[in-house]
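Peer 1: got a predicted model here, sequence first, then my questions.
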Amino acid sequence: MTCIKTMNKINLNLEHCFGITKLSQELTFEGENAMLIYSPNGLMKTSFAKTLQLYGQGKADKIKDVVADVAGNIDIKDEHGNVILPASIYVSNCEEPDSETPKNITSFLADSVLKQQYDNILNTLSEKQKTLFKDISDHARSTDIISEFVRTFCESKPSLFYSKFEEVMAEVAGCEICYNFKYNSIFDKDGRVKAFIDANHEALKDYSDKYQAILQSSKLFRQKNGKTFGTYQASELSKSVADNAFFEVSHKIVLGDDKTTIDSAASLANLISDELSGILNDVAVKKAFEKIDKKASANEYLRQFKEIIENQPDLVDKLLDYDNFHKEVWKGYFTKFGGKAVDLLTAYQGAKPTLDSVLQQAAEQRTAWEKTISIFNRRFSVPFEVKIKNQTDLLLNEEAAALSFEYSTQAGQKAVESKVLEEVVLSKGELRAFYTLQLLFAIEKMKHDGGQDHILVFDDISDSFDYKNKYAIVEYLCDLKDDARFKMIILTHNFDFYRTISSRLKVKRNSTYMAYKDANDEIKFHQAEYLREPFKLIKSNADKPEFFIALIPLVRNLIEYSKDISTDPSKLEYIKLTSCLHVKTETASLTVNDIAQIVSNNIDAHRLPTANTDCNIKKYIYNTAEVLCGRPTLDEIHIENKIVFAAAIRLKAEDYMISKLKQVMLIEDFNIFYNRITSNQTSALTKKFEELCSPNNDIQLLIKEVNLITPENIHLNSFMFEPLIDMSVWRLKKLYQDTNTQLV
């Protein structure tokens, strides 16, 4: 087993890990707790983090090259050959709190493992609940049937749902009647039906008594020993023999009077109709119903209720005990859809022991959460304050801690749900800060999990943050660096953040890397470059052609930003340097020595070219690009090579377009057009070239690629050179070779 505290090196061997074809690298901590890796966008960072995340979760079998459909291979060991245990690796991704858990299932407060357990159980139960109540909803013709159950049994508290469902199911015998009337016609939310029944209890009872009395004289409908065969039962019987199959095999129905025999579905239907008509037309029954009808008809909301008791008069007796009948109706639903009801009950009862354990462990984590929230509120700048509140757990109806958010407005603070923050209120950067809460807690919990050491992998932890929150993250990482229980691998595609972390955390150079892809598509890690003073490095090597050429855009920008380029000598120097990057009238006459003199005039450069100084500067750039093309290997990181290729590519493209335009334009017209170009020369030439020269598709696409790629590799605006680091030198080399062969 690896001891993280004493581990100084990690040996990584990855093959077919998502976007990583191959990576074989020894990484060193050099006795420190932090390692820093810069990776340009799209190179390997996400695949690297996802691979380690799955490895850390014990899901190495899910690692694969998705495109080639090849199983991945991952081998992670320390310098002594010991396998690094998956449980010791934690990968942070602040894009989402947890990609495997649906957002906003709960605001239940716990670490990611416990919360995932809780949310998975809740999700499973919710799906089974929806399945059951969808059937009930269709049958009862009620669109809000779950809320109706909560209103009926749970005192309108959703947290009581499962416990009350369990109680009701314990009382279901399986033989309850499932009534088919429209649920809300009897059990309306506003309570109008119940109020009518309470107000007219005597009239309804009188009707029911008279109905029940006359019922005894019916040869079909009757009550005996507490059992009733009424209109509902007669209707169900009629439905069951409606196809006449029962009668066609010589079966008959003999009534209790031992006289009446029924031998067809039609005769049964006629008997039911005649018997019901006789009862309802009884003078006493009819008179009693008219009293009810008169009062009910005065209220439009009771129209459907009146129709139900008119067609099913035996329900009136049950409605007199309204609340009990309400529960009886629900038991009938659970009887009719018994399979799905039992499925939900079994799932809930099976999950209860796990839920009890989760809630107990979550309660024990409260102190750690309080510390985490204190860190978050103190360090991060967001328009809300995080607090802990007690809420009733959705599944066991027990007290559990939950996050609450108070959003700050000009009118003061207002409590809002996390879902509102995520979907409506927060910017992307603020949202990432919001998700950082889960990360902070995970780390704080690790500090108290029995002394186990961890490798923390941070995947672009600061991406989309504003500067204040970015430095809050830096401050937190600084604190972690001093904790011997953690080794950190910090991944980023943001070169500014890369340099900041290197400086603030004082990460040693041997533990600071830059990722690149070689010609064989293998990911390699290069020791850090350009961390402190990148242009001093270029200046100190300016006697070499590629470094000298890389100085040209730098000195040009220095003149532009620090001098008045509308007057000489600065104006002339600026034009000459521009003529090295664009084909201008002056380009043909400029020599390396001319440019070296301008460089000396503006920066303290002691080492400048001594060979071929009389060479034309454009030819010098072309020659240097050819030398670079001839090298068997090129360092993917070195920006001076990229600047050479970019300058040569642009000059080649402009030479070609100028030559073609001169063939189709009068020389006077061309000179007028050409001399009027004061900015964006390559774009201006491209537009005119496409307009007049009708280039074929291949040439047109090549010119577009030149316009797309080269500006970022020549203009060092504000001395931000991250685009140079990100751009692949192999892509630039290929583009140069294409321009060299096609633009002739």
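Peer 2: All right, it came through fine.
Peer 1: residues making contact with the strand or helix carrying Tyr622?
Peer 2: For Tyr622, the host element (DSSP states H and E) is helix 617-630. Contact with helix 617-630 is made by 545-546, 549, 579-580, 583, 587-588, 590-592, 594-595, 612, 615, 634, 641, 644-645, 647-648, 651-652, 733, 736-737, as judged by C-beta atoms under 8 Å, 6 or more residues apart in numbering. Where C-beta positions appear, they are placed from N, C-alpha and C, glycine not excepted.
Peer 1: buried ones from those residues, can you make that a PyMOL selection?
Peer 2: If you want just the buried ones from the contacts of helix 617-630 in PyMOL, going by 16 or more other C-beta atoms under 10 Å, the selection is:
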select buried, resi 545+546+549+579+580+583+587+590+591+592+594+595+615+634+641+644+645+647+648+651+652+733+736
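Peer 1: narrow the contacts of helix 617-630 to those in helices?
Peer 2: Counting by DSSP state H, the contacts of helix 617-630 place 545-546, 549, 579-580, 592, 594-595, 641, 644-645, 647-648, 651-652, 733, 736-737 in helices.
Peer 1: show the average pLDDT along the helix holding Tyr622.
Peer 2: Helix 617-630 carries an average pLDDT of 96.
Peer 1: list the buried residues of it.
Peer 2: So helix 617-630, judged by 16+ other C-beta under 10 Å, has buried residues Ile617, Lys618, Tyr620, Ile621, Tyr622, Thr624, Ala625, Leu628.
Peer 1: give the buried residues for stretch 548-566.
Peer 2: 548-559, 565.
Peer 1: apologies, that question was intended for stretch 38-50.
Peer 2: Neighbour-count burial for stretch 38-50 flags Tyr38, Ser39, Pro40, Leu43, Met44, Lys45, Thr46, Ser47, Phe48, Ala49, Lys50 (criterion: 16+ other C-beta under 10 Å).
Peer 1: from His139, how far off is the third one?
Peer 2: Spatial separation of Pro40 from His139 under the definition C-beta to C-beta, to the nearest Å is 60 Å.
Peer 1: out of the buried residues of stretch 548-566, who's nearest Val382?
Peer 2: Distance ranking of these against Val382, using C-beta to C-beta, places Asn557 first at 36.6 Å.
Peer 1: which element is the closest one on?
Peer 2: Here Asn557 sits within helix 545-562, counting by DSSP H and E.
Peer 1: before we move on, the earlier item: widest-spaced pair of the buried residues of stretch 38-50?
Peer 2: Tyr38 and Lys50, at 18.1 Å, using C-beta to C-beta across the buried residues of stretch 38-50.
Peer 1: so where's the stretch 101-250 of the chain uncertain?
Peer 2: Scanning the stretch 101-250 of the chain with the threshold set as pLDDT under 70 gives 101-112, 214-218, 223, 226, 228, 230-232, 234.
Peer 1: need the strands for it, in chain order.
Peer 2: Counting by DSSP state E, counting those that start in this stretch, the stretch 101-250 of the chain has strands at residues 222-224, 227-229.
Peer 1: could you list the domains of this protein?
Peer 2: The chain resolves into domains spanning 4-98+436-527, 119-179+337-356, 183-311, 366-429, 534-742 when parsed by automatic domain parsing.
Peer 1: could you work out the end-to-end span of the longest one for me?
Peer 2: Counting by C-alpha to C-alpha, to the nearest Å, the length from the leading to the trailing residue of domain 534-742 is 35 Å.
Peer 1: distance between it and the chain's centre?
Peer 2: From the chain centre to the centre of domain 534-742 is a distance of 43 Å (C-alpha atoms, centre = their mean, to the nearest Å).
Peer 1: kindly report the same for the second one.
Peer 2: Per C-alpha atoms, centre = their mean, the displacement of domain 119-179+337-356 from the mean C-alpha position of its chain is 30 Å.
Peer 1: wasn't Lys389 part of a helix?
Peer 2: No. Judged by DSSP: H, G, I helix; E, B strand; the rest coil, Lys389 forms no part of a helix; its state is strand.
Peer 1: please name the bridge partners of it.
Peer 2: Counting by DSSP bridges, Lys389 is bridged to Ala402.
Peer 1: number of nearby residues for it?
Peer 2: Here the number of neighbours of Lys389 (other C-beta atoms under 10 Å) works out to 11.
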